[in-house]
Every structure is written in C-alpha cells, then in structure tokens.
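*Asks:* sequence first, predicted coordinates after that:
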Amino acid sequence: MWALVKEGKIEEIYYSPKSIMLDNVRYPSNMFTLYTTEEKKRIHIYDIKLKDRPDSNFYNIGSSSYSWDSDTNIVNEDFTITEKNISELKYSYKESTKDKSYREIRLFNWLVERYIYDNTKTIPNKVVQYVAAVRSHCNDICIDVDNCNTLNDCKTLYENIYNEDGKYYTWPDNTNVQEYQRD
C-alpha cells in the first residue's frame, strides 16, 4: 500500500497499484512496484508501514487510519484492537463443532429412514458405533469449550480444534463406514 503525501498531509491512499495522474503526468500502475523509493518520493508517493494484525479469531480490528512520519518518510497504519467476547467465542466454537458433527452424521441418515420404513433392515453396527464416536467427540469438545474462562483458554482450545497437531483436530475415522455414506 502507498500514500500520496503533500506538505505533510496524506491526500490519498492506494490499496493496490493503479494508473494515476499527478501534476498533469500519467503514471502507469506498475510504477508502484517498479520505481525505487527515491523515485516515488520525488512524486510524493510513500510506502505504508502496515501494523501487525492480531488473530481475527480472537480480536476485533477497527478501521485503519494513517499518519505521516516526516522523520522516516513513512506513512504508518494504525487501528484499534479489542478482545472478542468470550461468550460469543464459546458459542461460535460450539456451533461450528456441532455443525461439523452434523455433517459427519447426516451421511448416514438414509439408513435411519430405511429402518423407520422397514425395521427388518437394521443399521449396521459399525455405523452405530461410528455415529456414537462422532457424537462423543463433539460432546468432549463442547465440554472443554464450556470450561474456557479466559481468552487464553479459548486460544489454546482453538489450537486443539483447528491445528493439525491439536487434541481435537482429528475426528473419528470413517474408513470402515464409507460404504454406507450417501450425500
């Protein structure tokens, strides 16, 4: 990102390269990436130093604002950061976990419907066991979510749910029930 700065005032922000007209001269869009810092400075274009963004899963990030630092010839980005509400995070975790569980189980709904219409056609035991394992896994996650009291607790649980090496990342193995899955 770049900014047009004249007389210490930011006049325009450029979020991506584009052709611009400055002082009756048209500059091509590739000027933003091809020109050196000094060449851009001569036409009052300066790089924007972006502020590090925290993980948006845990923090609300306000709108960006920009300030000119004449000592460094850089435009600095700033924004407010607030922690997300823990109750809302917990609700979101539980809902996404329940949704994942539902998506895993619904593939076998046709077996339940078949059994309702013809109870001589039972649901295979390995499907019953798999569905029970999925429900248990979902329940374990939801219990741990309910036990989160701080933002750090939520971050740790998030890693356990969504990172490949996390405790809850791997759901029960469906290899031996795939033959019964239907969309």
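*Replies:* Received the coordinates, thanks. Numbers count the residues shown, from 1 in each chain.

*Asks:* gap between the residue of the chain most remote from its centre and Asp52?
*Replies:* For the chain, the residue at maximal distance from the C-alpha centroid (C-alpha atoms, centre = their mean) is Thr120, at 46.7 Å. For Thr120, the distance to Asp52 (C-beta to C-beta, to the nearest Å) stands at 63 Å. To be clear about C-beta, it is placed using only N, CA and C from the backbone, and glycine gets the same treatment.

*Asks:* try Tyr66
*Replies:* Distance, Tyr66 to Asp52, using C-beta to C-beta: 15 Å.

*Asks:* same drill for the two, tell me which one is more crowded.
*Replies:* Taking other C-beta atoms under 10 Å, Tyr66 and Asp52 do not tie; Tyr66 has more neighbours (16 against 6).

*Asks:* just say helix, strand or coil for that one.
*Replies:* Judged by DSSP: H, G, I helix; E, B strand; the rest coil, the three-state class of Tyr66 is strand.

*Asks:* name the residues of stretch 159-170 that are buried.
*Replies:* Across stretch 159-170, burial judged by 16 or more other C-beta atoms under 10 Å covers 161, 168.

*Asks:* ditto for stretch 87-96
*Replies:* For stretch 87-96, burial by neighbour count (16+ other C-beta under 10 Å) applies to 89-90, 93-94.

*Asks:* same check on stretch 101-118?
*Replies:* Buried residues in stretch 101-118 (16+ other C-beta under 10 Å): 101, 104-105, 107-108, 111.
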